[in-house]
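S.K.: I would like to see how this sequence folds:
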Amino acid sequence: MPKPQKVQAVEELSQRFRSSSAIYFVEYKGLTVAEISVLRRKLKEKKAELKVAKNTLMRIALEHAELGKIDILTGPTGIITTQDDPILPLKVVAEFAKEKTALVAKGGLLDGKFFDRAQVVALSKVPPKKELLAQVLGSLQAPLVGLIWALQGVGANLVYTLQAISEKQSA
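M.R.: From the prediction side, this is the model:
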(Lines give C-alpha, C1' and ligand atoms only; values in the text may rest on other atoms or scores of the structure.)
Protein backbone atom coordinates (compact mmCIF):
# COMPACT_ATOMS: atom_id res chain seq x y z
CA MET A 1 0.00 0.00 0.00
CA PRO A 2 1.58 3.30 -1.05
CA LYS A 3 1.99 5.99 1.54
CA PRO A 4 -0.14 9.11 1.02
CA GLN A 5 2.98 11.31 0.88
CA LYS A 6 4.39 9.24 -1.99
CA VAL A 7 1.08 9.31 -3.87
CA GLN A 8 0.97 13.08 -3.48
CA ALA A 9 4.63 13.42 -4.58
CA VAL A 10 3.95 11.33 -7.70
CA GLU A 11 0.87 13.42 -8.53
CA GLU A 12 2.82 16.67 -8.10
CA LEU A 13 5.65 15.38 -10.32
CA SER A 14 3.18 14.15 -12.95
CA GLN A 15 1.49 17.54 -13.03
CA ARG A 16 4.87 19.28 -13.29
CA PHE A 17 5.88 17.00 -16.18
CA ARG A 18 2.60 17.55 -18.04
CA SER A 19 2.77 21.35 -17.75
CA SER A 20 6.44 21.71 -18.71
CA SER A 21 7.71 22.57 -22.16
CA ALA A 22 11.04 20.96 -21.26
CA ILE A 23 12.30 18.53 -18.61
CA TYR A 24 16.01 18.02 -18.04
CA PHE A 25 17.66 15.44 -15.82
CA VAL A 26 20.94 16.33 -14.11
CA GLU A 27 23.31 14.53 -11.80
CA TYR A 28 24.25 16.70 -8.84
CA LYS A 29 26.41 14.25 -6.87
CA GLY A 30 29.19 16.17 -5.15
CA LEU A 31 27.46 19.55 -4.98
CA THR A 32 26.96 21.15 -1.60
CA VAL A 33 23.59 22.40 -0.40
CA ALA A 34 24.82 25.99 -0.86
CA GLU A 35 25.84 25.27 -4.48
CA ILE A 36 22.47 23.67 -5.22
CA SER A 37 20.78 26.73 -3.72
CA VAL A 38 22.80 29.00 -6.03
CA LEU A 39 21.82 26.83 -9.01
CA ARG A 40 18.16 26.97 -7.98
CA ARG A 41 18.33 30.75 -7.73
CA LYS A 42 19.90 31.08 -11.18
CA LEU A 43 17.30 28.75 -12.67
CA LYS A 44 14.48 30.67 -11.02
CA GLU A 45 15.72 33.85 -12.74
CA LYS A 46 15.18 32.03 -16.06
CA LYS A 47 11.72 30.78 -15.03
CA ALA A 48 12.89 27.22 -14.43
CA GLU A 49 12.90 25.05 -11.34
CA LEU A 50 15.13 22.32 -9.95
CA LYS A 51 13.41 19.53 -8.04
CA VAL A 52 14.95 16.51 -6.38
CA ALA A 53 12.91 13.34 -5.91
CA LYS A 54 13.46 9.62 -5.67
CA ASN A 55 14.09 7.93 -9.00
CA THR A 56 11.28 5.44 -8.40
CA LEU A 57 8.79 8.24 -7.86
CA MET A 58 10.07 10.02 -10.99
CA ARG A 59 9.65 6.85 -13.07
CA ILE A 60 6.06 6.42 -11.88
CA ALA A 61 5.30 10.12 -12.45
CA LEU A 62 6.72 9.96 -16.00
CA GLU A 63 4.47 6.99 -16.77
CA HIS A 64 1.45 8.79 -15.27
CA ALA A 65 2.25 11.83 -17.42
CA GLU A 66 2.42 9.44 -20.41
CA LEU A 67 6.02 10.37 -21.23
CA GLY A 68 7.27 6.80 -21.26
CA LYS A 69 10.18 5.07 -19.61
CA ILE A 70 13.55 6.73 -19.24
CA ASP A 71 16.63 4.66 -18.48
CA ILE A 72 18.82 7.49 -17.15
CA LEU A 73 17.17 7.64 -13.73
CA THR A 74 20.02 6.15 -11.73
CA GLY A 75 21.97 7.74 -8.93
CA PRO A 76 21.20 11.18 -7.54
CA THR A 77 19.05 12.84 -10.20
CA GLY A 78 17.59 16.31 -10.20
CA ILE A 79 14.80 17.45 -12.51
CA ILE A 80 14.81 20.87 -14.13
CA THR A 81 11.46 21.92 -15.54
CA THR A 82 10.37 25.05 -17.35
CA GLN A 83 7.22 26.33 -18.97
CA ASP A 84 9.09 29.12 -20.72
CA ASP A 85 11.99 29.09 -23.21
CA PRO A 86 13.39 25.53 -23.10
CA ILE A 87 16.97 26.61 -23.93
CA LEU A 88 17.52 29.09 -21.09
CA PRO A 89 17.75 26.46 -18.29
CA LEU A 90 20.31 24.54 -20.35
CA LYS A 91 22.42 27.67 -20.66
CA VAL A 92 22.31 28.07 -16.86
CA VAL A 93 23.30 24.42 -16.36
CA ALA A 94 26.14 24.66 -18.91
CA GLU A 95 27.49 27.84 -17.31
CA PHE A 96 27.19 26.38 -13.81
CA ALA A 97 28.83 23.11 -14.89
CA LYS A 98 31.89 25.05 -16.10
CA GLU A 99 32.50 26.14 -12.50
CA LYS A 100 31.20 23.02 -10.75
CA THR A 101 32.09 19.88 -12.69
CA ALA A 102 29.97 17.80 -10.31
CA LEU A 103 26.86 18.98 -12.17
CA VAL A 104 26.30 16.78 -15.24
CA ALA A 105 23.41 16.78 -17.68
CA LYS A 106 22.00 13.27 -18.12
CA GLY A 107 19.33 13.91 -20.74
CA GLY A 108 15.98 15.52 -21.21
CA LEU A 109 12.54 15.63 -22.70
CA LEU A 110 11.61 18.42 -25.06
CA ASP A 111 8.10 18.40 -26.48
CA GLY A 112 7.77 14.74 -25.50
CA LYS A 113 10.93 13.67 -27.37
CA PHE A 114 13.88 12.24 -25.42
CA PHE A 115 17.34 13.79 -25.84
CA ASP A 116 20.46 12.04 -24.56
CA ARG A 117 23.39 13.76 -22.85
CA ALA A 118 25.18 14.70 -26.09
CA GLN A 119 22.02 16.15 -27.61
CA VAL A 120 21.29 18.16 -24.46
CA VAL A 121 24.83 19.57 -24.53
CA ALA A 122 24.34 20.49 -28.21
CA LEU A 123 21.01 22.16 -27.35
CA SER A 124 22.72 24.24 -24.67
CA LYS A 125 24.80 25.85 -27.43
CA VAL A 126 21.74 26.97 -29.40
CA PRO A 127 20.88 30.66 -28.94
CA PRO A 128 17.80 31.42 -26.82
CA LYS A 129 14.43 31.73 -28.54
CA LYS A 130 14.44 35.55 -28.58
CA GLU A 131 17.88 35.64 -30.22
CA LEU A 132 16.81 33.09 -32.84
CA LEU A 133 13.72 35.13 -33.65
CA ALA A 134 15.85 38.28 -33.95
CA GLN A 135 18.24 36.47 -36.31
CA VAL A 136 15.36 35.23 -38.48
CA LEU A 137 13.82 38.70 -38.53
CA GLY A 138 17.18 40.22 -39.48
CA SER A 139 17.60 37.67 -42.26
CA LEU A 140 14.14 38.46 -43.61
CA GLN A 141 14.65 42.19 -43.27
CA ALA A 142 18.08 42.42 -44.96
CA PRO A 143 16.91 41.89 -48.58
CA LEU A 144 14.07 44.39 -48.11
CA VAL A 145 16.42 47.03 -46.74
CA GLY A 146 18.76 46.42 -49.69
CA LEU A 147 15.86 46.83 -52.12
CA ILE A 148 14.76 50.07 -50.47
CA TRP A 149 18.31 51.49 -50.70
CA ALA A 150 18.55 50.42 -54.33
CA LEU A 151 15.23 52.08 -55.17
CA GLN A 152 16.23 55.23 -53.31
CA GLY A 153 19.49 55.29 -55.26
CA VAL A 154 17.62 55.13 -58.59
CA GLY A 155 15.32 57.96 -57.51
CA ALA A 156 18.23 60.06 -56.26
CA ASN A 157 20.14 59.55 -59.53
CA LEU A 158 17.08 60.66 -61.50
CA VAL A 159 16.77 63.82 -59.37
CA TYR A 160 20.49 64.61 -59.80
CA THR A 161 20.24 64.06 -63.55
CA LEU A 162 17.19 66.30 -63.88
CA GLN A 163 18.86 68.94 -61.73
CA ALA A 164 21.99 68.83 -63.92
CA ILE A 165 19.89 69.16 -67.09
CA SER A 166 17.98 72.06 -65.55
CA GLU A 167 21.23 73.85 -64.59
CA LYS A 168 22.71 73.23 -68.04
CA GLN A 169 19.63 74.68 -69.80
CA SER A 170 19.50 77.72 -67.55
CA ALA A 171 23.14 78.51 -68.16
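
S.K.: and the strands in this protein, which stretches?
M.R.: Secondary structure of the chain (DSSP state E): strands located at 22-27, 48-52, 77-82, 104-110, 113-116.

S.K.: now stretch 40-57: buried residues?
M.R.: For stretch 40-57, burial by neighbour count (16 or more other CB atoms under 10 Å) applies to 40, 42-43, 46, 48-50, 53, 57. (Glycine included, C-beta is placed from N, CA and C.)

S.K.: could you do stretch 146-160 as well?
M.R.: Of the residues in stretch 146-160, none has enough neighbours to count as buried (16+ other CB under 10 Å).

S.K.: centre of the chain to it, how far?
M.R.: Mean-position distance between stretch 146-160 and its chain equals 43 Å (CA atoms, centre = their mean, to the nearest Å).

S.K.: tell me the domain ranges of this structure?
M.R.: 4-126, 128-171 (automatic domain parsing).

S.K.: among those, pick out the one with the most neighbours on average.
M.R.: Here the criterion is mean neighbour count by mean count of other CB atoms under 10 Å, and of the domains of the chain the winner is domain 4-126, at a mean of 17.

S.K.: could you pull up the mean pLDDT of that domain?
M.R.: In this model, domain 4-126 has an average pLDDT of 87.

S.K.: re earlier: closest to residue 127 among the buried residues of stretch 40-57?
M.R.: Set against residue 127, the nearest of those by CB to CB is residue 46 (14.1 Å).

S.K.: give me phi/psi at the closest one?
M.R.: phi -100, psi 20 (degrees, to the nearest 10).
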